[in-house]
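In: Return atomic coordinates for the entry below.
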Amino acid sequence: MKTRWLELRTQYWSNRTVRERRVIAIVGLLLFPVVYYYLLWQPAHVAVSKLHYTLPALQAQAGKLQDQATEIEMLRHRPTLVTLDAQALKSSIAESASRHQLSTFITGLEVQEPNAARITCDAISFATWITWLRELEQEQHIRAEAISISTLSQAGMVKISATLSNGIVQ
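Out: Below you'll find the model as predicted:
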């Protein structure tokens, strides 16, 4: 490699006159900052400004991924739920309703085989119903399979007919 460089130097540089060498060196010194600016500094500056723009979004995505990874680990170690039969489901719903003072609003609670219960409420606050349904889901893993909601003349009051289960309704 060194011999090749010496040959190139001899062939192109040493054969030039002193004046030509001086002109080439001055042109090289003048072109160096221009080449440096357009090939190195400007692309780097553009890339840095793009990173300043996209970095917060990427950090937010990384935070979401961390939260989801934590949730996945938590769900992996969650015990498998046992499906309640219809009678146990009915008693569990009735107990939860009495604990939340909703027994007076429930007008019907019938068993539907194999693991579902039908609940009817003639007049209940929608906010109360949603809150109780969310707590049933979180505490006892009882979810609504089908719901029929009708509005009443009183503001915020609804008539509800729902099928609740904690497993697959067959």
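
In: can you tell me which helix or strand R118 belongs to?
Out: Assessed by DSSP states H and E, R118 sits inside strand 116-125.

In: now the helix or strand following that strand: mean pLDDT?
Out: Scanning forward in sequence from strand 116-125 by DSSP H and E, the next helix or strand is helix 126-140. Averaged over helix 126-140, pLDDT sits at 89.

In: what does stretch 70-81 give?
Out: Averaging pLDDT along stretch 70-81 gives 79.

In: Just the CA atoms of that stretch, as CSV, please.
Out: This file holds the C-alpha atoms of stretch 70-81, laid out as CSV (Å, rounded to 0.1, in the frame of the first residue of the first chain):
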residue,chain,number,x,y,z
THR,A,70,-45.5,-5.4,32.7
GLU,A,71,-49.2,-6.1,32.1
ILE,A,72,-48.4,-9.2,30.1
GLU,A,73,-46.1,-10.6,32.8
MET,A,74,-48.9,-9.9,35.3
LEU,A,75,-51.5,-11.7,33.1
ARG,A,76,-49.2,-14.6,32.5
HIS,A,77,-49.0,-15.3,36.3
ARG,A,78,-52.7,-14.7,36.9
PRO,A,79,-54.4,-17.9,38.0
THR,A,80,-56.9,-19.6,35.7
LEU,A,81,-60.4,-18.8,36.6
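
In: All further residue positions should be reported with the first residue as 582.
Out: Sure, I'll start counting at 582 from here, so that last one is stretch 651-662.

In: and the angle from the strand holding R699 to helix 707-721?
Out: Inter-element angle recorded for strand 697-706 and helix 707-721: 140 degrees (by axes from the mean of the first three to the mean of the last three CA atoms, to 10 degrees).

In: where exactly do the strands run in the protein?
Out: Using DSSP state E, the strands of the chain run over residues 687-693, 697-706, 724-732, 738-746.

In: Figure out which of these is closest to L636.
Out: Relative to L636, the nearest member of those by CB to CB is strand 724-732, separated by 40.2 Å. C-beta coordinates here come from the backbone N, C-alpha and C atoms, glycine included.

In: in this protein, which ranges drop under the pLDDT threshold?
Out: Filtered on pLDDT under 70, the chain yields the residue ranges 660-663, 748-751.

In: let's go with 80 and repeat that
Out: Across the chain, the ranges flagged by pLDDT under 80 are 582, 587, 589-591, 594-595, 659-667, 694-695, 748-751.

In: how close does the spatially most central residue of it sit to L639?
Out: In the chain, the residue lying closest to the centroid (CA atoms, centre = their mean) is K645, at 5.5 Å. According to CB to CB, to the nearest Å, K645 stands 11 Å off from L639.

In: do S706 as well
Out: Here the criterion is CB to CB. By it, S706 lies 44 Å from L639.

In: All set now, cheers.
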